[in-house]
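Trainee: Give the three-dimensional model of this entry:
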Amino acid sequence: MKQKDNENLTNFYSQLFHNYSTIKFNMINAELLFYILITIIIVNFIFDKLLSFLNAKHFADALPEEVADVYDEEEYKKSQLYKKKNFKFGLITSTFSIVLTIAFFLLDGFRIVDEYARSFSSNSILISLMFFGVIMIGSDILTTPFSYYKTFVIEEKFGFNKTTKKLFWLDKLKGLLMTAIIGGAILSLVVWFYNITGNLFWIYTWVLIAVVTLFMNIFYSTLIVPLFNKQTPLENGELKTQIETFASKVGFKLDKIFVIDGSKRSTKANAYFAGFGKTKRIVLFDTLINDLNTDEIVAVLAHEVGHYKRKHTIFNLIASIILTGITLFILSLLISNPLLSEALNTQPSFHIGLIAFGILYSPISEITGLIMNYISRIFEYQADNYAKEHFASEPLITSLKKLSKNSLSNLTPHKAYVFMHYSHPTLRERIVNLMDKN
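Mentor: Residues are numbered from 1 along each chain as shown. Model prediction:
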């Protein structure tokens with residue numbers, strides 16, 4: 001009886017909010033909504049470019065004292081050139097993208113693709129799959145030349161690229177296949193939920209995405225990574241001994257340490273912690289092992305263990321699931337309104353509503369992204385502090401400097417750009433924190 005009452009209450013509130021949103025939407029017409037969608041896209045583009053310009057004006061700033069030893073004069077000039085190249089390239093690619101997007105809107109691109117998809121089937125699931133498939137493939141065809149240039153011209157010029165042309169195209173093919181299989185399966189189920197449950201589809205979709213998210217967090221390194229990279233157990237030796245000694249000291253049960261062949265794509269280094277329980281593992285890029293000494297690698301891993309010990313991984317997982325639920329609930333209030341499809345000059349459908357909603361929701365998504373980035377920066381400080389308390393601060397500082405130098409990182413970013421885009425504190429901020437004696 002109690003479960004039935006909860007279901008009735010859920011239906012009542014869902015209908016109440018749905019009626020409210022319908023009243024609000026009735027205050028605007030399809031043409032006005034069309035221009036609202038375009039305005040959101042343009043405003044977002046302008047704001048992002050203004051931030052990028054502000055950031056670019058600081059490329060040549062004098063290095064702060066705490067990071068003055070990262071680059072010598074020649075290396076700093078190289079890092080400035082790298083940043084300028086990427087800034088100009090990003091400006092070109094983003095301008096191309098927004099011009100293409102606006103043209104797609106103005107030339108009834110969504111209607112054309114929708115009618116094309118409907119010409120193959122009357123089944124709503126197949127229509128949605130065809131619709132998003134055409135858009136995905138078309139987008140990939142148009143953006144691949146930019147990706148190719150970025151990899152084989154810019155990254156190549158500055159000594160980062162190790163990807164062969166064969167590997168580049170294999171990665172593209174594998175990525176498309178994974179998107180088609182996993183994304184297609186999820187989309188099919190979501191449309192099916194919508195067809196059989198109406199506006200309550202969000203509950204079933206929420207459960208589905210929560211399960212998929214949990215599954216990917218647990219099995220990503222064992223199922224997905226091997227499709228792109230080779231992982232081998234870390235060989236016995238000083239490094240493995242030091243890592244195991246540290247793990248034992250802090251009570252971190254660890255019997256899976258792997259090395260990934262990141263060097264076959266780039267010289268840039270990384271390390272990450274993945275999985276839960278028996279699937280838990282630490283993965284080191286082979287480039288990290290080549291760039292850092294033993295103490296520095298252990299310090300980096302101490303930082304990653306800090307994330308685990310401070311429950312950051314669990315928090316991020318739960319926060320992601322909660323935010324997904326909120327987004328899906330708001331989607332359920334609007335998705336049935338034909339105005340979303342009318343604004344894009346198409347027949348009412350779930351897939352068109354999803355496109356329109358994604359744009360309308362983007363300002364809220366920006367806000368939640370800012371909050372999550374702020375929390376993430378706090379978590380990075382906490383993980384750094386854990387490494388400082390349980391291992392040492394100096395090797396972590398030198399490792400951060402080496403990694404920044406080897407990736408030609410921007411050491412003088414604009415504060416507004418950091419606030420909007422950085423999930424990590426700046427190198428200077430992290431070093432100041434690690435040097436703090438209190």
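Trainee: buried stuff in stretch 339-347?
Mentor: Across stretch 339-347, burial judged by 16 or more other Cβ atoms under 10 Å covers 339-346. In short, each C-beta sits where N, CA and C put it, glycine included.
Trainee: Show me which of these is closest to residue 230.
Mentor: Checking the buried residues of stretch 339-347 against residue 230 with Cβ to Cβ, the nearest one is residue 344 at 44.6 Å.
Trainee: Is that closest one in contact with residue 354, as I believe?
Mentor: No. Using Cβ atoms under 8 Å, residue 344 is not in contact with residue 354; the gap is 11.1 Å.
Trainee: picking up where we left off before, sort out for me which of the buried residues of stretch 339-347 are in helices.
Mentor: Of these, the ones assigned to helices by DSSP state H are 339-343.
Trainee: List just the nearest of these to residue 238.
Mentor: Nearest to residue 238 out of these is residue 340 (Cβ to Cβ; 60.5 Å).
Trainee: List just the nearest of the ones in helices among the buried residues of stretch 339-347 to residue 80.
Mentor: Nearest to residue 80, judged by Cβ to Cβ, of these is residue 343 at 44.5 Å.
Trainee: circling back to that earlier point, as TSV, the ones in helices among the buried residues of stretch 339-347 with pLDDT would be great.
Mentor: TSV is the format used below for those (pLDDT from 0 to 100):
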residue	pLDDT
339	91
340	91
341	91
342	91
343	92
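Trainee: Relative to residue 112, which of these is nearest.
Mentor: The closest of those to residue 112 turns out to be residue 341 (Cβ to Cβ; 14.2 Å).
Trainee: what comes up buried for stretch 166-184?
Mentor: The neighbour-count check on stretch 166-184 (16+ other Cβ under 10 Å) flags 168, 171, 184 as buried.
Trainee: what does stretch 409-424 give?
Mentor: For stretch 409-424, burial by neighbour count (16+ other Cβ under 10 Å) applies to 409-414, 417-418, 420, 422, 424.
Trainee: quick one: contacts of it?
Mentor: With Cβ atoms under 8 Å, 6 or more residues apart in numbering as the test, stretch 409-424 has contacts from 51-52, 54-55, 57-59, 61-64, 67, 70-71, 79, 83, 370, 372-373, 376-377, 380, 403-404, 425-428, 430.
Trainee: Find me the pLDDT at residue 271, would you?
Mentor: Here the pLDDT value assigned to residue 271 is 84.
Trainee: neighbours around it, how many?
Mentor: Neighbourhood size, residue 271 [other Cβ atoms under 10 Å]: 22.
Trainee: Who is it paired with across the strands?
Mentor: Assessed by DSSP bridges, residue 271 has beta-bridge partners residue 284.
Trainee: Out of the buried residues of stretch 409-424, list just those in helices.
Mentor: 417-418, 420.
Trainee: As JSON lines, the residues you listed with distance to residue 159 would be great.
Mentor: Below are those laid out as JSON lines (distance: Cβ to Cβ, whole Å):
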{"residue": "417", "distance to residue 159": "25"}
{"residue": "418", "distance to residue 159": "26"}
{"residue": "420", "distance to residue 159": "29"}
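Trainee: Relative to residue 361, which of those is nearest.
Mentor: Using Cβ to Cβ, residue 420 comes nearest to residue 361 of those, at 17.9 Å.
Trainee: now that closest one: how far from residue 316?
Mentor: Per Cβ to Cβ, to the nearest Å, residue 420 is found 19 Å from residue 316.
Trainee: Also residue 239?
Mentor: Residue 239 is 28 Å from residue 316, by Cβ to Cβ.
Trainee: So which of those two has more stuff around it?
Mentor: Neighbours per residue (other Cβ under 10 Å) separate residue 239 from residue 316, with residue 239 holding more: 21 against 16.
Trainee: Nearest residue to the more buried one in space, please, no chain neighbours.
Mentor: Once flanking residues are discounted, residue 239 sits nearest to residue 294: 5.3 Å by Cβ to Cβ, 6 or more residues apart in numbering.
Trainee: Isn't that neighbour up against residue 242?
Mentor: Yes. Using Cβ under 8 Å, residue 294 makes contact with residue 242 at a distance of 5.4 Å.
Trainee: Check the buried residues of stretch 409-424 against residue 114 and report the nearest one.
Mentor: For the buried residues of stretch 409-424, the minimum distance to residue 114 (Cβ to Cβ) is 34.1 Å, reached by residue 420.
Trainee: pLDDT at the closest one, what is it?
Mentor: 94.
Trainee: now the one 3 residues further on
Mentor: The model reports residue 423 with a pLDDT of 94.
Trainee: and what of residue 327?
Mentor: pLDDT, residue 327: 96.
Trainee: Check the gap between it and residue 209 for me.
Mentor: Separation of residue 327 from residue 209 (Cβ to Cβ): 10 Å.
Trainee: For the residue nearest to residue 292 when sequence neighbours are not counted, what is the enclosing helix or strand?
Mentor: Nearest residue to residue 292 in three dimensions, chain neighbours excluded: residue 399, at 5.3 Å (Cβ to Cβ, 6+ apart). For residue 399, the host element (DSSP states H and E) is helix 394-406.
Trainee: Tell me the buried residues in that helix?
Mentor: Buried, per 16+ other Cβ under 10 Å, within helix 394-406: 395-406.
Trainee: Pull the residues that contact it.
Mentor: 67, 69-71, 75, 267-269, 288, 291-293, 295-300, 302-303, 384, 387-388, 409, 411, 427, 430-431, 434-435.
Trainee: cool, and stretch 114-128?
Mentor: 130-131, 134, 187-188, 191-192, 195, 346-347, 349-352.
Trainee: If we use 10 Å, what do you get?
Mentor: Here stretch 114-128 makes contact (Cβ atoms under 10 Å, 6 or more residues apart in numbering) with 108, 129-135, 184, 187-192, 194-195, 341, 344-347, 349-352, 354-355.
Trainee: Buried only: go through those residues for me.
Mentor: Among these, the ones that count as buried by 16+ other Cβ under 10 Å are 129-133, 135, 184, 187, 189-191, 194, 341, 344-346, 349-352, 354-355.
Trainee: The residues you listed in helices, which ones?
Mentor: Using DSSP H to define helices, the subset of these located there is 129-133, 135, 184, 187, 189-191, 194, 341, 350-352, 354-355.
Trainee: how about the strands in this protein?
Mentor: 231-233, 257-260, 271-274, 281-285 (DSSP state E).
Trainee: Now render the ones you listed as JSON lines, adding distance to residue 158.
Mentor: Output for the strands of the chain, formatted as JSON lines (distance: least, Cβ to Cβ, whole Å):
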{"stretch": "strand 231-233", "distance to residue 158": "27"}
{"stretch": "strand 257-260", "distance to residue 158": "22"}
{"stretch": "strand 271-274", "distance to residue 158": "22"}
{"stretch": "strand 281-285", "distance to residue 158": "18"}
